[in-house]
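Q: Need a 3D model of the following:
(one chain, ligands or ions: 1)
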Amino acid sequence: MLVPSQPSPTQTRLGNLTVTTLSDGFLDVPGAYFSNLSPQEHRHVLPTARFGANTWLIEAEARKVLVDAGSGSWLKERFADTGNLGWQLDDRMEERAAVTDIIVTHMHADHIGGLVAGGRSLFPNATIHMQAAEWVFWTDAALPQSVPEDQRPLIELIQALGTPLKGQIKLHEGEADLGGGITLLPAAGHTPGHQVVHLSAGTRELMLIADAVVSEALQFGNPDIHYALDGDPAKAAETRKTLFDRFASNKIPFAATHLTSTGFGHLERSGSGYDYTAA
Ligand SMILES: [Zn+2]
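A: Numbers count the residues shown, from 1 in each chain. Just a heads-up that it's a prediction; the model follows:
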């Protein structure tokens, strides 16, 4: 598949809401991160797969709601093509100050790194919406010692990124209506408090599903394929299947963080899996 080197932002309107996809760049992920594949599916796994890194800005009248913020400068050593949004740059200060709300889908560094630089929150005026289960899990002081040593640096990074945000965070337990047609829905599995965003205007709906699906080449055809960074792979697969079923049944356009497409796509049932069409 051909992947553009510089994805252009796409904009979608839904009632009063304008949804703009902001690409933070790309991540090259080892094919070995995928498991629970049939021998036939194994043949489609590339040594590395290029993932997108999409974030979204939802604008509605006076509100500017950011959904995740990309990696900032934190993952550049491992993933050179991330952090392209450059939220930390001085000339973006006004833009950052105007953000009223931030939805954190989950606390992995490729989603929250762009919120912090130099030990300070970059979006001082925003309320940050997160599931309580997510915050409690990642900020547990005992967590770094409870994981294998090679995973410790990433957890320490997440904890360091969380600290400056603490005073701005509004924790939600389960479904949360943010008003104006913006609703948070818990979608655990990838992480304990992973959440997705449901947007509605009248009978029209859109969904932003973050990391509920990560590989477009593998997981639409077979949603049971596991991903190494899923905290609970079986639960992640259940969540993925519930969402896919809803998208196909109700023809809901959706977008996800790591798809290479920056736009919204559709699913149709095909055998035991789904066919994805980018809009
Ligand atoms: Zn991610």
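Q: just so I have it, where are all the helices in the stretch 151-279 of the chain?
A: Ranges of helices in the stretch 151-279 of the chain, per DSSP state H, counting those that start in this stretch, are 152-162, 233-250.
Q: mind checking pLDDT for Ser272?
A: As predicted, Ser272 sits at a pLDDT of 92.
Q: right, and it touches Asn222 too?
A: Yes: Ser272 lies in contact with Asn222 (C-beta atoms under 8 Å); the separation is 7.3 Å. All C-beta spots, glycine's among them, are computed from the backbone N, C-alpha and C.
Q: These two: who's more crowded?
A: Under the criterion of other C-beta atoms under 10 Å, the comparison of Ser272 against Asn222 puts Asn222 first, with 18 against 9.
Q: now the more buried one: how far from Asp230?
A: Separation of Asn222 from Asp230 (C-beta to C-beta, to the nearest Å): 15 Å.
Q: cool, Glu175 as well?
A: 22 Å.
Q: Which one's more surrounded, those two?
A: Asp230 (21 against 11).
Q: OK, contacts around the more buried one?
A: Going by C-beta atoms under 8 Å, 6 or more residues apart in numbering, Asp230 touches Gly189, His190, Ala236.
Q: Now it: phi and psi?
A: Torsion angles at Asp230 (phi, psi; degrees, to the nearest 10) stand at phi -80, psi 120.
Q: Equivalent analysis for Ile103, please.
A: phi -100, psi 120.
Q: That one is in contact with Asp68, isn't it?
A: Yes: here Ile103 lies in contact with Asp68, judged by C-beta under 8 Å, at a distance of 7.3 Å.
Q: Give the residues shared as contacts by these two.
A: With C-beta under 8 Å, 6+ apart, Ile103 and Asp68 have no common neighbours.
Q: from memory Thr20 sits against Leu14, does it?
A: No: the pair Thr20 / Leu14 is not scored as a contact, 11.9 Å apart, by C-beta under 8 Å.
Q: higher neighbour count, the two?
A: Taking other C-beta under 10 Å, Thr20 and Leu14 do not tie; Leu14 has more neighbours (19 against 14).
Q: if I look at the more buried one, how far off is Leu208?
A: 11 Å.
Q: Could you find the closest non-adjacent residue to the residue of the stretch 1-150 of the chain found nearest the ion?
A: Nearest to the ion, among the residues of the stretch 1-150 of the chain, is Asp110, at 4.6 Å (C-beta to the ion). Spatial nearest neighbour of Asp110, excluding adjacent residues (C-beta to C-beta, 6 or more residues apart in numbering): Ser71 at 4.8 Å.
Q: which one is the most centrally placed residue in the chain nearest to, not counting chain neighbours?
A: Nearest to the mean C-alpha position of the chain, by C-alpha atoms, centre = their mean, lies Ala210 at 2.9 Å. Nearest residue to Ala210 in three dimensions, chain neighbours excluded: Thr105, at 3.5 Å (C-beta to C-beta, 6+ apart).
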